[in-house]
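K.L.:
Pasting a predicted model and its sequence here:
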Amino acid sequence: MSGPVIVARLDSMGDVLISGPAIRAVAHQSEVVLLCGPLGAGGAALLPGVSRTLVWEAPWISEPWREVSRAHTEHLISAVRATGAEEAVILTSFHQSPLPLAMLLRLAGVARITGASVDHAGSLLDVRLRPGEDLPEDLPEPERALAIAEAAGFPSLDDGRLAVVPPPETTALTGDAPYIVLHPGAAVPARRWPVEHFARLARLLTDSGRRVVITGGAGEAMLTARVRDAAPDAVDLAGACTPQELAGVLARADVLVSGNSGPAHLAAAVRTPVVSLFSPVVPAVKWAPYGVPVRLLGDQNAPCRNSRARECPITGHPCLAGVTPETAFAAALELEPLGRSRDESAAEAASSATPEQEGH
């Protein structure tokens, strides 16, 4: 195995999770030092193949924007030098540039850097992919990241699906009976289905005899409480889960109902079907949950399409507000048997395994 390689993905948890297949490709040949932002650190802890993690807040990505300072940039340069890495693979979305980070990595002594850039890269990139030419515009983000890794000389040696390390047992949080997870939060308002719709969906599910588990971060407790108020028997886990525990909760769920969020990608990584309430501010072809059964809801041709807006620019948020709770309920019930059959197949495989097979 060669020396360490920096693999950079500076965005949020979901962005880091969808980089997992590319990270595994690099890890087949080299030790991976994952460089991520503060919001992505939770996802980094879940990924197979990551040996070490560097956390650094990029001033061109974090919001609110972090002020550029010599001390902050020198901290990154010193941390990268300390790894001994001489190669880096910079993973970016279609609208991002790898060049600011490439400049800093050069100053840290990284000799070979791969990235995808619309702009002329000069001496900043040794291997440059051109979006729209080397990378098709409609390429799903996990495949885009894999293509960048492959161009660097790290081809995929597995199925290319999202994956995480085995999650912990979480029945103490959820109970033993089957359940459907509702995740009403999202990183930005433009990607959120109205909370009153989530509340109505929770009531429809519980009235139909299904158990509901609600997830969210500690800062989303007021949001999840509004959903729980409509379905008092629901389990509210806002702020109660580590990233590893959230993976376990989602792995045991029959279905997740969520907007375009980190938990939607985490559900895909643990093979749980997703009802995706997807705002078209970014393209679903790139960002929908990858590699699992998905029911995509939301007007993908709404006027906000491809705007990358954080706040909905259209009065009434019609792309998502127009999706009724009854529609989401029907979609969840359509996917529910697929989640159940996945769990039953896994249970049968575990019960029929010989001692020699278990753990392999």
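P.N.:
Here it is on my side, so go on.
K.L.:
Report the buried residues of stretch 71-89.
P.N.:
Thr73, Leu76, Ile77, Val80, Thr83, Ala85, Glu87, Ala88, Val89 (16 or more other Cβ atoms under 10 Å). In short, each C-beta sits where N, CA and C put it, glycine included.
K.L.:
and of those, the nearest to Val188?
P.N.:
For those, the minimum distance to Val188 (Cβ to Cβ) is 25.9 Å, reached by Leu76.
K.L.:
ok, back up a step: compile the buried residues of stretch 71-89 into CSV and extend it with columns for pLDDT, secondary structure and distance to Gly239.
P.N.:
As requested, the buried residues of stretch 71-89 are exported to CSV (pLDDT from 0 to 100; DSSP: H, G, I helix; E, B strand; the rest coil; distance: Cβ to Cβ, whole Å):
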residue, pLDDT, secondary structure, distance to Gly239
Thr73, 97, helix, 33
Leu76, 98, helix, 30
Ile77, 98, helix, 36
Val80, 98, helix, 33
Thr83, 97, helix, 33
Ala85, 98, coil, 36
Glu87, 98, strand, 39
Ala88, 98, strand, 35
Val89, 98, strand, 34
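K.L.:
Give me the contact list for whichever helix or strand His265 is part of.
P.N.:
Element membership for His265, per DSSP states H and E: helix 262-269. If you take Cβ atoms under 8 Å, 6 or more residues apart in numbering as the criterion, helix 262-269 is touched by 12-14, 17-18, 20, 43, 46, 162-164, 181, 183, 187, 215, 243, 246-247, 250, 253, 256, 258, 273-274, 276, 289-292.
K.L.:
Show me how far the following helix or strand past that helix is from its chain's centre.
P.N.:
Downstream of helix 262-269, the next assigned helix or strand under DSSP H and E is strand 274-277. Strand 274-277 sits 14 Å away from the centroid of its parent chain (Cα atoms, centre = their mean, to the nearest Å).
K.L.:
that older thread, and the buried residues of stretch 71-89 as a markdown table, adding distance to Ala234?
P.N.:
Output for these, formatted as a markdown table (distance: Cβ to Cβ, whole Å):
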| residue | distance to Ala234 |
| --- | --- |
| Thr73 | 46 |
| Leu76 | 43 |
| Ile77 | 48 |
| Val80 | 45 |
| Thr83 | 45 |
| Ala85 | 46 |
| Glu87 | 48 |
| Ala88 | 45 |
| Val89 | 42 |
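K.L.:
now the end-to-end length of stretch 290-304.
P.N.:
One end of stretch 290-304 sits 23 Å from the other (Cα to Cα, to the nearest Å).
K.L.:
Could you pull up the mean pLDDT of that stretch?
P.N.:
Stretch 290-304 comes out with an average pLDDT of 95.
K.L.:
now stretch 278-287
P.N.:
Stretch 278-287 comes out at a mean pLDDT of 94.
K.L.:
just to revisit the earlier point, buried ones in the helix holding His265, by neighbour count?
P.N.:
Buried residues in helix 262-269 (16+ other Cβ under 10 Å): Gly262, Pro263, Ala264, His265, Leu266, Ala267, Ala268, Ala269.
K.L.:
hang on, the earlier thing: what's the closest of the buried residues of stretch 71-89 to Val5?
P.N.:
Once Cβ to Cβ is applied, the member of the buried residues of stretch 71-89 that ends up nearest Val5 is Glu87, at 4.8 Å.
K.L.:
Quick check: bridge partners of the closest one?
P.N.:
Val5, Arg112 (DSSP bridges).
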